[in-house]
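Peer 1: Provided below are the primary sequence and the corresponding predicted coordinates.
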Amino acid sequence: MQHAPAARPSRVPAARPSRISAVRPLPGAALAAALALTATACVGGGRGADGADGTVPPTAQSPAALPSPGLPPALTRGQARAALITAADLGEAWEPTRGAATWRDELLKATAERPDCRRLLDVLYTEDLFGSDAATVPRATAALDDTQDGAQLHYRVTSYRAADLDRTLAWLGTLPDACGHFTARAAHGTARDVRVTGLTLPQAGDASRGLRVTVGGTAPEAGSGGDARDGILTVDLVAVRLGDDAISLTNGTLGEPADDATRASVEIGTGRLAEARRQGRAQI
């Protein structure tokens, strides 16, 4: 009796275990954690989106929109304008300016060897007494001309830190000694004789300081018609601080300086600044 041959092994490989079936289910807590991480990655956008670690950064503000640290609230533009003086405060001869006086470039655009004296000339020319950065930009300005005597008065209202304003006032107080008499030299080489003295002011504000600066002109040229070259420029430079606000002014002329205009500007201007401060401060 013949037996059937034994079955040969099949060449078809046996099915491998499915990878999906090999993954063991996660415990409940581990599954919840994995889902939370996945959700965070989707919101953050992964690396290279808003941050290196894929997290969402807080809403950023432009530095220009943020208040400078330590700066006090500033007067609004309207409040500062209300603190300005006007032509009506100084008399009939005064009116809004028609442009910068010619003597500004002729006699004030100069330099000096001593740093303090050079800084003084720069202040007289630019009128940036408290600095030239964005934090010290004047809140309001006024420029007036005396049509009879040729004087020009520039008036500014500035808000800044009281301590920094006082440092500038203290510097002004050192100039009669540091720069009482010095030589300034214009760009074209002309030498100017400069003298600096203290100026008595009416009682005003929390602190104040005033200077009178005279700048000698050169000898007149034959046939010249009485311009800045044959005159002596006199400029009053004044600053008054009230709290963390200040007024500053220059009153310059080639003739006799009008003391009453400087004094009236200080008295009236300080009163108006005090009233503007009472009206309230801007919220920053």
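Peer 2: Good, I have the coordinates.

Peer 1: hey, let's count contacts and neighbours off CA atoms from now on
Peer 2: Noted.

Peer 1: how about the helices in the chain?
Peer 2: 19-22, 28-44, 77-82, 87-90, 103, 115-126, 162-178, 259-278 (DSSP state H).

Peer 1: in a markdown table, list those along with distance to residue 201, mean neighbour count and mean pLDDT.
Peer 2: Shown next, in a markdown table, are those (distance: least, Cα to Cα, whole Å; neighbours: other Cα atoms under 10 Å; pLDDT from 0 to 100):
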| stretch | distance to residue 201 | mean neighbour count | mean pLDDT |
| --- | --- | --- | --- |
| helix 19-22 | 93 | 8 | 42 |
| helix 28-44 | 64 | 11 | 44 |
| helix 77-82 | 22 | 18 | 93 |
| helix 87-90 | 17 | 15 | 96 |
| helix 103 | 25 | 19 | 89 |
| helix 115-126 | 19 | 17 | 97 |
| helix 162-178 | 13 | 16 | 97 |
| helix 259-278 | 7 | 18 | 94 |
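
Peer 1: can I get the ones you listed in CSV including distance to residue 205?
Peer 2: Putting these into CSV (distance: least, Cα to Cα, whole Å) gives the following:
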stretch, distance to residue 205
helix 19-22, 84
helix 28-44, 56
helix 77-82, 16
helix 87-90, 19
helix 103, 31
helix 115-126, 22
helix 162-178, 12
helix 259-278, 6
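
Peer 1: for residue 194, find the nearest of those helices.
Peer 2: Residue 194 sits nearest to helix 115-126 of all the helices of the chain, at 9.4 Å, using Cα to Cα.

Peer 1: and the angle for the closest one with helix 162-178?
Peer 2: Angle of helix 115-126 versus helix 162-178, following axes from the mean of the first three to the mean of the last three Cα atoms, to 10 degrees, is 110 degrees.

Peer 1: can I get helix 115-126 in PDB, CA atoms only?
Peer 2: Output of helix 115-126 as PDB, limited to C-alpha atoms (Å, rounded to 0.1, in the frame of the first residue of the first chain):
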ATOM      1  CA  PRO A 115      33.700 122.700  26.500                       C
ATOM      2  CA  ASP A 116      31.300 124.600  28.700                       C
ATOM      3  CA  CYS A 117      31.600 127.700  26.700                       C
ATOM      4  CA  ARG A 118      31.200 125.700  23.500                       C
ATOM      5  CA  ARG A 119      28.100 124.100  24.900                       C
ATOM      6  CA  LEU A 120      26.700 127.500  25.800                       C
ATOM      7  CA  LEU A 121      27.100 128.800  22.200                       C
ATOM      8  CA  ASP A 122      25.400 125.600  20.900                       C
ATOM      9  CA  VAL A 123      22.400 126.200  23.300                       C
ATOM     10  CA  LEU A 124      22.100 129.800  22.300                       C
ATOM     11  CA  TYR A 125      22.100 128.800  18.600                       C
ATOM     12  CA  THR A 126      19.900 125.600  18.700                       C
END
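
Peer 1: other SSEs contacting it?
Peer 2: Helix 115-126 sits against strand 110-111, helix 162-178, with contacts defined as 3 or more Cα pairs under 8 Å, 6 or more residues apart in numbering; DSSP states H and E.

Peer 1: contacts for the last one, please.
Peer 2: Contact partners of helix 162-178, identified using Cα atoms under 8 Å, 6 or more residues apart in numbering, comprise 116-117, 129-130, 196-198, 207-211, 239, 241, 243-246.

Peer 1: swap the cut-off to 10 Å and go again
Peer 2: 71-72, 114-117, 120, 129-131, 158-159, 180-181, 195-199, 206-213, 237-246 (Cα atoms under 10 Å, 6 or more residues apart in numbering).

Peer 1: could I get the helices and strands packed on helix 115-126 as TSV with distance to residue 266?
Peer 2: Converted to TSV, those look like this (distance: least, Cα to Cα, whole Å):
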stretch	distance to residue 266
strand 110-111	28
helix 162-178	15
